[in-house]
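> could you work out the structure for the sequence below:
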Amino acid sequence: MLSTSSVIGLYHTPTNTAHSCHLFSRRALNYQGHTDSHREFLFRQTADLGTRSSSTEAVLKAQASPRNSIDQDFERLSRYRFRTENGGQVTVAVGNKGVKYPVYIEFCPTCSNDNQNKLILSWGIYRSDSTSFIPLEFQSSAPSGQNSISDIPVLQNSYGSYVVEMEFESYLAPFYLSFLLKHPGNSEIKSHRNTNFCVPVGFSSGNPAPLGLSFSSDGRINFALFSGNVESVFLCLFDDNASEKPALEIELDPYVNRTGDIWHAAIDSAGPFVSYGYRCKRKIFDGTIGKVLLDPYTKLLRKMVPGLPDLGALCVRPTFDWGEDVRPGLPLEKLSVYRLNVKRFTTDTSSKLPSEISGTFSGVAEKADHVKSLGFNAVLLEPIFPFNEKQGPYFPFHFFSPIQSCGPANDAISAINSMKDLVKRMHASGIEVFLEVVFSHTAEKSAIRDVDPSYFYTDGDPDLGGRNALNCNYPIVQQMVVESLRFWVTEFRIDGFCFINASYLLKGFHGEEVSRPPLIETITYDPVLSKTKMIADCWDPYDLASKETSFPHWNKWAEINSKFSIDVRNFLRGEGLISDLATRLCGSGDIFSAGRGPSFSFNFITRYLGLPLVDLVSFSGSDLSAELSWNCGEEGATDNKLVLETRLKQIRNFLFILLISLGVPVLNMGDECGSSAGGSPAHSNKKPLNWSAMRTPFGIQTTQLISYMNSLRERRSDILQKREFLKEEHICWLNSDLSSPKWLDTSAKFLAMELTPDTKGIEHCSDSSLINGKLYVAFNAGEKSETVMLPSSAREMVWVRLVDTGLPYPEFLSEEGVSVPEEISGVVTYEMKSHSCVLFEGKVQQD
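Okay, the predicted model is just below:
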């Protein structure tokens with residue numbers, strides 16, 4: 001039988017050894033003056049392999065030198081110094097020769113003690129448990145407890161110090177070398193803490209910054225983890241992405257690998273390891289010691305597999321060619337936003353995309369033309385952070401990577417590359433990309449909680465504790481949020497963020513409300529983030545409702561305006577005051593007048609939770625009272641022509657009001673083509689976008705209306721895209737007979753407004769074609785038609801009808817405008833149908 005040899009430490013050992021004996025012989029070399037003297041110990045292993053035998057030898061060098069041999073010039077030499085119990089000093093230098101790690105140990109005794117010319121170095125190596133040394137395989141047949149520690153005699157040199165040189169094969173690293181010195185009489189020399197001397201080999205103390213995983217130019221990998229509530233931390237390295245248990249665990253030394261509350265270490269290279277995580281041991285047992293935890297700051301997750309722990313990948317993030325990408329940099333008042341769910345946007349086969357990209361970031365990129373054709377110049381993506389599948393996308397467990405299922409290959413690298421390509425292609429089309437983000441809480445089973453529950457979560461308020469609420473204004477959590485946002489801005493070139501449950505970001509350390517929340521103020525004035533759009537959305541994923549709050553905006557934060565949706569819904573179903581509608585139409589001055597303007601109001605009709613637009617006019621059962629919906633006469637599906645006509649008008653009315661109002665319109669995915677959830681407001685019942693519905697008569701006319709209104713907003717930006725509120729002289733509120741509106745009459749169902757552009761600077765312009773005319777907009781939520789008197793037009797101007805939501809397709813809108821003939825005495829009247837809106841524009845009269 002033949003034997004094969006594998007290298008263990010400094011030893012070569014047969015791997016198929018039946019039994020072996022261990023023989024040591026000693027050969028001494030004398031020295032004189034500055035000549036080096038070596039004591040070499042030859043370990044000889046003889047293996048009885050039945051009919052054949054062989055022996056393998058290796059040399060362990062113990063070196064004593066009259067010069068200071070610890071001053072060696074090796075790549076990445078790390079030094080460690082210890083004090084002994086008796087005041088002596090032990091210096092250890094760990095070098096790197098590429099294939100081997102030389103270790104030099106020098107002991108300088110005190111003058112009065114330790115003056116014997118001979119000591120014993122007793123050493124062993126360990127990784128995860130300092131009380132359990134790694135067995136030396138060449139002594140595998142020795143009794144338990146005797147095969148893990150080796151002794152080396154060490155002589156004193158002419159300078160009175162003791163120097164030992166050791167070497168270890170690089171593939172053994174990383175590990176700890178633990179040793180102590182002994183006198184021949186067995187009295188021990190330990191550290192001043194009465195412990196063994198311990199140094200890392202193949203890894204170093206590392207740096208406390210940056211948090212997470214980082215790579216240096218020489219290939220070293222640095223790990224840094226914040227955890228202030230643990231007794232010890234173990235770095236877990238995996239050599240197989242399909243493995244549940246780590247191939248190697250390293251216990252971090254709190255004296256070497258800890259700075260403040262940050263645990264850190266560095267290894268020379270990844271070697272065979274492909275992913276990593278941490279185990280945290282607490283002073284009080286809480287059941288987490290056996291769990292391998294995801295690094296909260298890791299930027300690249302290994303491929304997520306059900307049943308396996310989520311881990312960080314040990315590789316550099318892929319590079320991406322941004323080419324000549326330029327951020328559109330649109331001002332707030334110019335924005336028009338299309339909100340979408342990445343997965344549902346293209347996962348339906350009707351998208352006609354290849355199966356490998358449908359439902360992914362790449363699928364969204366392929367459909368950029370759809371967004372642009374509707375006239376939108378920004379997309380708002382539902383949360384794309386990794387989240388708890390049972391709870392949904394508004395319950396994330398990680399903040400530094402896109403969800404893998406949205407990548408074509410369902411892994412981290414494809415998700416990252418396709419997300420960047422999405423942003424690049426949107427920018428090329430003049431479209432900005434915003435992300436919905438959730439930093440108020442995490443999923444129930446989040447690694448962040450296990451890493452440090454007391455620091456990351458507010459526990460002063462029972463309600464917050466039950467919500468897994470992040471203590472966002474605590475400095476370390478604030479840092480994590482800001483660094484996450486910066487990462488998405490710099491790495492993915494994101495243009496803005498919508499903060500879900502933003503009211504919870506205003507809470508202090510113990511759940512109390514604070515007037516100047518540090519996190520919001522830091523984001524506002526951060527040199528990177530201050531250039532992006534910041535939008536506060538106070539919708540709560542737990543209560544499934546928006547919370548009214550006075551948000552500290554510093555004149556820079558926009559807000560999702562839930563009052564807009566409420567007041568428009570109430571008006572169109574025949575309830576509420578017309579004064580509420582007027583407030584929303586002209587930019588919600590009750591919310592945004594203090595230092596901001598209408599462009600800070602992000603208006604919406606429907607959103608991620610609640611009824612989609614077609615259901616809003618089709619269902620109004622008692623269980624949907626919170627939706628403020630109206631079924632137009634019959635519940636659910638119907639063949640009633642009158643009901644169907646009313647529903648069509650109502651859908652047009654909602655879209656018209658959304659796009660004619662001052663502020664930033666936000667359209668929810670699917671509302672352009674009649675997507676339905678069957679009357680269910682639950683997020684889980686939302687269906688994938690049916691692209692075939694775009695080609696139906698309903699889809700065609702609805703998309704035409706949206707596209708037309710967006711182009712009108714751009715053409716009449718002098719009125720409809722203003723950063724400041726309209727002046728009093730530029731807006732006139734009217735009743736159908738040109739009298740003042742009945743503001744306090746709850747039965748009033750009609751409101752009209754005349755909008756006059758600011759002609760300052762062009763009053764004397766000779767070219768009348770350069771002067772924009774007035775706009776007249778009327779809204780009739782009543783059951784009856786209204787005869788409307790239009791205001792007198794300016795000289796050389798006539799009123800032309802652009803939109804009438806009560807007319808059939810295609811007459812309900814006109815690109816050029818349909819003129820309205822004057823009646824007697826120059827009075828212009830127009831018959832408005834029930835449940836309709838109209839838009840007139842003053843245009844220069846053609847000869």
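> roughly how far apart are the residue lying closest to S170 once chain neighbours are set aside and L353?
Using CB to CB, 6 or more residues apart in numbering and skipping the chain neighbours, the partner closest in space to S170 is V99 (5.3 Å). Using the backbone N, CA and C atoms, a C-beta is placed for each residue, glycine as well. Computed as CB to CB, to the nearest Å, the V99 to L353 distance reads 50 Å.
> next up, phi/psi of the residue lying closest to E513 once chain neighbours are set aside, please.
Spatial nearest neighbour of E513, chain neighbours left out: L506 (5.9 Å); criterion: CB to CB, 6+ apart. With angles defined as degrees, to the nearest 10, L506 sits at phi -100, psi 0.
> wait, L506 touches P552, no?
Yes. Between L506 and P552 there is a contact at 7.1 Å, judged by CB atoms under 8 Å.
> now do the shared contacts for these two.
Common contact partners of L506 and P552 (CB atoms under 8 Å, 6 or more residues apart in numbering): P517, I520.
> settle it for me: which of the two has more neighbours?
Legend: neighbour count by other CB atoms under 10 Å for L506 and P552, higher for L506 (23 against 16).
> model confidence score at that one, please.
In this model, L506 is scored at 92, pLDDT.
> before we move on, the earlier item: the more surrounded of V99 and L353?
For V99 versus L353, the count of surrounding residues by other CB under 10 Å is larger for L353: 19 against 9.
> let me see the contact set for that one.
Taking CB under 8 Å, 6+ apart as the test, what L353 contacts is T346, G363, E366, K367.
> quick one: the closest residue to L738 other than its chain neighbours from L807, how far?
Excluding its sequence neighbours, the residue lying closest to L738 (CB to CB, 6+ apart) is M789, at 5.1 Å. Counting by CB to CB, the gap between M789 and L807 amounts to 19 Å.
> again, but for P665
In terms of CB to CB, P665 sits 23 Å off from L807.
> so for those two, which sits in the more crowded spot?
It is P665, of P665 and L807, that has more neighbours when counted by other CB under 10 Å, with 26 against 18.
> elements contacting the helix or strand where S122 lies?
Using DSSP states H and E, S122 falls within strand 118-126. Applying 3 or more CB pairs under 8 Å, 6 or more residues apart in numbering; DSSP states H and E, one finds that strand 118-126 makes contact with strand 150-155, strand 162-169, strand 175-182.
> redo those as CSV? Include mean neighbour count, distance to Y104 and mean pLDDT.
Formatted as CSV, the helices and strands packed on strand 118-126 follow (neighbours: other CB atoms under 10 Å; distance: least, CB to CB, whole Å; pLDDT from 0 to 100):
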stretch, mean neighbour count, distance to Y104, mean pLDDT
strand 150-155, 18, 12, 85
strand 162-169, 21, 6, 87
strand 175-182, 21, 11, 90
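> so can I have CSV of those showing distance to M304?
Formatted as CSV, the helices and strands packed on strand 118-126 follow (distance: least, CB to CB, whole Å):
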stretch, distance to M304
strand 150-155, 43
strand 162-169, 34
strand 175-182, 30
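> and of these, who's closest to T84?
strand 175-182 (8.2 Å; CB to CB).
> so what strands line up beside that closest one?
Under the criterion DSSP bridges, strand 175-182 sits next to strand 118-126 (antiparallel), strand 188-189 (antiparallel), strand 197-201 (antiparallel) in its sheet.
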